[in-house]
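Chemist: Sharing a model that was predicted from the sequence below.
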Amino acid sequence: MIFNSVDFAIFFAVFFLLYWFVFNRSLKIQNVLILAGSYAFYAWGDWRFLPLLIFGSGVNYALGIGLERSARPKIRLLLLWLGLLQGLGGLIYFKYTNFFLASITGAFSFFHIPLRAHPVRLILPLGISFYTFRTLSYLLDIYKGKFKATTDWVAFFSYVSFFPSLISGPIDRPKTLIPQLQKRRVFDSDQAIDGMRQILWGLFKKAVIADNCATFTSQIFGNYQGQSASTLLLGAFLYTIQIYADFSGYSDMAIGTARLLGFSITKNFDFPFFSQNIAEYWRKWHISLTSWLTEYVFTPLSIAFRDYGKRGIILAILINFTLIGMWHGANWTFVLFGFLHGCYFIPLILRGTMSKRKEIARDNLLPSLREFSNMLGTFILVMLTLILFRSDSILDAYRYFKGLFSLSLFSIPALALEFKAGYTLFFIFLMLLTEWLNRGREYAISHLGLRWPIAFRWTAYYALLVIIFVFAGSSRNFIYFQF
Amino acid sequence: MKKFLVKVVLFAIPLVFAAYLGDGFLSNALKKSKDDDLGVWNAIYAGNINSDVVVYGASRALDHFDPQIMEDSLKLPAYNLGMDGHNFWLEYLRHSIFLEHNRRPKIIVYSVDPSTLQKRSDLYDPDQFLPYMLRDTLMQKFTSSYKGYDYFDYRLPLLRYYGREEVIFQAIGLSLHPERYAASPSNRPRGYRAWDLKWNDDFEKAKKSLGEIRMVPDSGSIRLFGDFLAECKAMGITVVFVTTPEYVEGQKLVENRDAMLSFFRDFSRQYGVPFLDYSNDSISYDKKYFFNSQHMNKTGSELFTKTLAHDLKKALPDTVF
C-alpha cells in the first residue's frame, strides 16, 4: 500500500479513529493496534515475507534481553554476532546472492575459466534494508551500553515494524522510537495539523515532481543512445530532482503520518541541494542512513585507523561510502556510486574542512557568488554520480557519460518544448524556491501561512491540492521501495 | 481532538462538493467531444447513431469502412462503430450500450481479424471511458478486468480524473470553445477514420523486432461471441463477417492466422452468418492501398468499401437496399 493511494487513505482513516477513540484507554492495547496495523500494512504489500519480519523481530527481541542480562563478555559478544549474522545474513542472502554469483562467474570467464552458476530465484523482501538496520542498531546499542533492552515485546515488535517508516525509512534508532512506544501518547491538535501539512507537501513532491520527472527520465535513460548531450544533461538533472522529490516526499509523508499518531520520528532530509560541499550534502541527505553508518561503521573504522592520520580517515570514508553504495543495491553501479562519493571527500579531508559547518546565506535572501558556485558544484558532482545510480550497468553509464560530453550540449534538449516538461520544470523551480526560502525549517511549508487568516491558509491548501490533482504524474512506486 | 475532527470535517466538506461538481463539469464537457473513440461514445450515448447498417470491429473496422460510400450504395444510413486497439470483449460493451441508446440496426457488418477473439490485458485509450464510468455497472463489468482503473475509480466522483491534466484541459477547452473542437483533425465523421498516407516502414520494423506473432484466443470472449450472435438472431439483426484486405506479406506475421479465423468460419456455419473474406482480394497484393501491412489508406478503404457494398447486396438477397 503506498501512501499516495485511496487504499492507504481509507486504511489510515480507520486506523486513526481506532487508535485515538477505541484503543487509547490502555498503552499496551494501543501498541497492539500499532503492531497489528503495521503487519496488515506490510502484508498488503507482500504477505509472503511477513513471517520473516516477525521471525527477525522475535530473534532480536530475545538476543536483546540476552545481551542485557548476560555479564560475561564472551557470551555477550557471541549473542551480538548471532544477531549480526541473522540480520546481515538475511540481508546479504536476499539482496546480494545473485550479485556475488554473477560477479564470480564474470571474474572466472574473464580468465577463460568456465564456471556455471545458475542465478537463484529470489524476491527482495519489502523493507528488509530498513528494518534490518533498526534491529542491528538495537543490538549494537545494547552491547555498547547505550540503550537498555526492553522486555515489552509489543513495543519492540512495533519498533521494528512501525508502519509509517517500515518500507522506506527513516531508519529510527531505538532511543528515538522505543521510549515513545513505552509512553502514553496524548493527542496534540497542533502536532496533528502539522503532520497533515507535512503529508501534503510530501504528496506534492512525490506526485507532481517525482512522478512527472520519472516520465522523462524513463524515456531518456531508456533510449539514451542517439540523444543529444543537452537531452542527456536534462535527463541527469531531472533524475537528480526525481530521486530527491520521491524519497524526501515519502519521508515527509512518513513523518507526517507518525505525527498524526503522536510520534516524532527522525528527520531524513534537510534541504541537501543547498549544501556547499559533499560532506554537508551527506549530513543533509538520507540522514538516518548516513548517521547510522557514521556511528556504526565510520567512527569505529576511523578509531581503528587513527594511527594512519589522514590516510586512515580517507580509507574509513571510502569503506563507509562504498557500503552506502552497496546498501542501495546489488550492482557494481551502486558500488562505484558509493566509492566515488567517498573520493569526493578526499580534498575536504586533506584540507581538514570535512567537519566544517557554515550556514549558507546567513541573514541574506540570496547566496553570495561563492556560495552559489559551491552549491552548483556540489549539485553537479552528485548529479554525475546519479547517472551511475540510474544506469543498469557500468557500460551503460559510461555510454551515457560519453554522450553527455559532446557539442550537442548546446542544442535545445528534446522534450524541452513539451507542455508537460514545461510545467514540470516550473514546479521544480517552485519547490526549490519554497525550500530555499524556508531552509532551516523542519520542512518547506512548516511555517507557511501560520499567521494568515484561516481562509487564506485553507485557500493555499486547496490550491496545492488542486495542483496535485491536476498535475500528478502517472502513479509509480517509491524508488526506495526497491532497496 | 473534537476541535481537530471538526476542522478536518469542515476542510473536507468543500472538497466533497468540489468532487461532485468537478466530476459533473468535466464529464459533461467531455461529452461534447467529437474526437476519436470518445467522440463515438458521445454519439452513442446521445442516441445519434440510429443507422440501419453499423460496422463493428477494431482499428481495421474504423479505417476500412467508409459509411458514406456504404450509404450511397446501399441506400441505408450507415455508421462505423469500430473501436481502436480493442478486441471483441469491449466491442461487445459498445454494442450493448449502442442498443440501449439507439434504435436497433438491420445489419451489423463485423470486421473480424486474427486478434478479434484475443483479450489484451491493458485498457487501451482509457480516457474514452471517463465521462461514463461513474456508477455505470455495465461499463465497470467490462472494463474492470483490464489494467487501467481500480475499484474506487468507478465509485468515487472525480477520482478517475486524478493526474489526467491533458483531459482536464481538454474539458476546459470544450467548455469554453466547443466550436473549435468541432473541426478537429481527430474528428471521426460517422466513426470513420481515413488515413491519407503512403506505405511506411512499420512492417519492416515489425518483422525485425517481432518476428512471428502467435495470437492467444480468450475463452470468455469466444463464449460471449456465441451469445452475441444468438442475441442478434433473436432480435432480427443480420450479422455479416468481413475479413478486410490485409497486405499479403503481413498475413504471414501471425503464425496462427488461419486457426484464429477458423473460429469465425465455425460461427458462420453454426449461426448462418455470411462470411466475406477479402484476404486474397487483389487489393491485398498492392502496397499502394496500404500505409502499413494491417491497415489500408483512404484510397484502399474507399475502393474496398465500394466492393464490399456491391458484395453485400449479393450476400443478403433478402434485404431491401
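Modeler: Nice, I can see it.
Chemist: Quick one: end-to-end distance for stretch B:112-128.
Modeler: 22 Å (C-alpha to C-alpha, to the nearest Å).
Chemist: What of stretch A:363-372?
Modeler: 15 Å.
Chemist: Okay, buried residues for that stretch please.
Modeler: A:367, A:371 (16 or more other C-beta atoms under 10 Å in any protein chain shown). In this view, the C-beta of every residue, glycine as well, is placed from N, C-alpha and C.
Chemist: again with stretch A:258-268
Modeler: Applying a neighbour-count criterion of 16+ other C-beta under 10 Å, one finds A:258, A:259, A:260, A:261, A:262, A:263, A:265, A:266, A:268 buried in stretch A:258-268.
Chemist: So of those residues, which two are at opposite extremes in space?
Modeler: Pairwise distances across the buried residues of stretch A:258-268 (C-beta to C-beta) peak at 19.2 Å, for the pair A:262 and A:268.
Chemist: Quick one: the buried residues of stretch A:258-268 as TSV, columns for secondary structure too.
Modeler: Listed next are the buried residues of stretch A:258-268 as TSV, based on DSSP: H, G, I helix; E, B strand; the rest coil:
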residue	secondary structure
A:258	helix
A:259	helix
A:260	helix
A:261	coil
A:262	coil
A:263	coil
A:265	coil
A:266	coil
A:268	coil
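Chemist: just the residues you listed now: which is nearest residue B:160?
Modeler: For these, the nearest to residue B:160 is residue A:260 (27.3 Å; C-beta to C-beta).
Chemist: Is it correct that the closest one is in contact with residue A:16?
Modeler: Yes. If you go by C-beta atoms under 8 Å, residue A:260 and residue A:16 touch, sitting 6.2 Å apart.
Chemist: what mean pLDDT does stretch A:232-245 have?
Modeler: Over the span of stretch A:232-245, the pLDDT mean works out to 96.
Chemist: Over to stretch A:150-160?
Modeler: For stretch A:150-160, the mean confidence score works out to 96.
Chemist: which of the residues in that stretch are buried?
Modeler: A:150, A:152, A:154, A:155, A:156, A:157, A:158, A:159, A:160.
Chemist: And residue B:311, how far from residue A:367?
Modeler: Separation of residue B:311 from residue A:367 (C-beta to C-beta, to the nearest Å): 77 Å.
Chemist: Which stretches in the stretch 51-200 of chain B count as helices?
Modeler: Using DSSP state H, counting those that start in this stretch, the helices of the stretch 51-200 of chain B run over B:59-64, B:67-74, B:88-101, B:137-143, B:165-176, B:178-182.
Chemist: Tell me which of those helices is the most buried.
Modeler: Scoring those by mean neighbour count under mean count of other C-beta atoms under 10 Å in any protein chain shown gives helix B:59-64 as the most buried, with a mean of 25.
Chemist: any weak-confidence spans in the stretch 51-200 of chain A?
Modeler: A:115-120 (pLDDT under 70).
Chemist: interface residues of it facing chain B?
Modeler: Residues of the stretch 51-200 of chain A lying close to chain B (C-beta under 8 Å from any C-beta of the partner chain) are A:187, A:189, A:192, A:193.
Chemist: the strands in the stretch 201-321 of chain B, which residues?
Modeler: Ranges of strands in the stretch 201-321 of chain B, per DSSP state E, counting those that start in this stretch, are B:238-243, B:275-277.
Chemist: wait, which of those is closest to residue A:39?
Modeler: Nearest of the strands of the stretch 201-321 of chain B (C-beta to C-beta): strand B:238-243, 55.0 Å.
Chemist: which one among the buried residues of stretch A:258-268 gets closest to chain B?
Modeler: Using C-beta to the nearest C-beta, residue A:260 comes nearest to chain B of the buried residues of stretch A:258-268, at 9.7 Å.
Chemist: Which parts of the stretch 251-400 of chain A are helices?
Modeler: Under DSSP H, counting those that start in this stretch, the stretch 251-400 of chain A gives helices at A:278-284, A:287-293, A:299-304, A:309-328, A:332-344, A:346-351, A:369-390, A:394-404.
Chemist: filter the residues of the stretch 51-200 of chain A next to chain B to the buried ones?
Modeler: When those are checked for burial by 16+ other C-beta under 10 Å, the buried set is A:192, A:193.
Chemist: tell me the most buried of the strands of the stretch 201-321 of chain B?
Modeler: Highest mean neighbour count of the strands of the stretch 201-321 of chain B: strand B:238-243, a mean of 22 (counted as mean count of other C-beta under 10 Å).
Chemist: So which of the residues of the stretch 51-200 of chain A next to chain B sit within strands?
Modeler: Among these, the subset assigned to strands under DSSP state E is empty.
Chemist: Farthest pair within the residues of the stretch 51-200 of chain A next to chain B?
Modeler: Using C-beta to C-beta, the two most remote members of these are A:187 and A:193, lying 11.4 Å apart.
Chemist: Now distance to residue A:287 and mean pLDDT too, for the strands of the stretch 201-321 of chain B, in CSV please.
Modeler: Output for the strands of the stretch 201-321 of chain B, formatted as CSV (distance: least, C-beta to C-beta, whole Å; pLDDT from 0 to 100):
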stretch, distance to residue A:287, mean pLDDT
strand B:238-243, 65, 97
strand B:275-277, 69, 96
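Chemist: Name the residue of the stretch 201-350 of chain A with the shortest distance to chain B.
Modeler: Per C-beta to the nearest C-beta, residue A:207 is where the stretch 201-350 of chain A lies closest to chain B, at 7.3 Å.
Chemist: for the chain, which residue is closest to the average position?
Modeler: No chain in the question, so chain A it is. With distances taken as C-alpha atoms, centre = their mean, the residue of chain A nearest its centroid is residue A:286 (4.7 Å).
Chemist: my bad, the chain I had in mind was chain B
Modeler: residue B:83 (1.2 Å).
Chemist: between the strands of the stretch 201-321 of chain B, which gets nearest to residue B:193?
Modeler: strand B:238-243 (16.9 Å).
Chemist: Quick check: residues of the stretch 101-250 of chain B near chain A?
Modeler: Residues of the stretch 101-250 of chain B found near chain A (C-beta under 8 Å from any C-beta) are B:150, B:152, B:156, B:158, B:159, B:161, B:162, B:163, B:165, B:168.
Chemist: In TSV: these, plus pLDDT.
Modeler: TSV is the format used below for these (pLDDT from 0 to 100):
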residue	pLDDT
B:150	89
B:152	92
B:156	93
B:158	96
B:159	95
B:161	96
B:162	95
B:163	94
B:165	94
B:168	96
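Chemist: who are the neighbours in contact with the residue nearest to residue B:236 when sequence neighbours are not counted?
Modeler: Spatially, and ignoring its direct neighbours in sequence, residue B:236 is nearest to residue B:104 (7.7 Å; C-beta to C-beta, 6 or more residues apart in numbering or on different chains). With contact taken as C-beta atoms under 8 Å, 6 or more residues apart in numbering or on different chains, residue B:104 is in contact with B:235, B:236, B:237.
Chemist: Sort out for me which of the residues you listed are in helices.
Modeler: residue B:235 (DSSP state H).
Chemist: quick one: which of the contacts of residue B:104 is nearest to residue A:11?
Modeler: For those, the nearest to residue A:11 is residue B:235 (47.1 Å; C-beta to C-beta).
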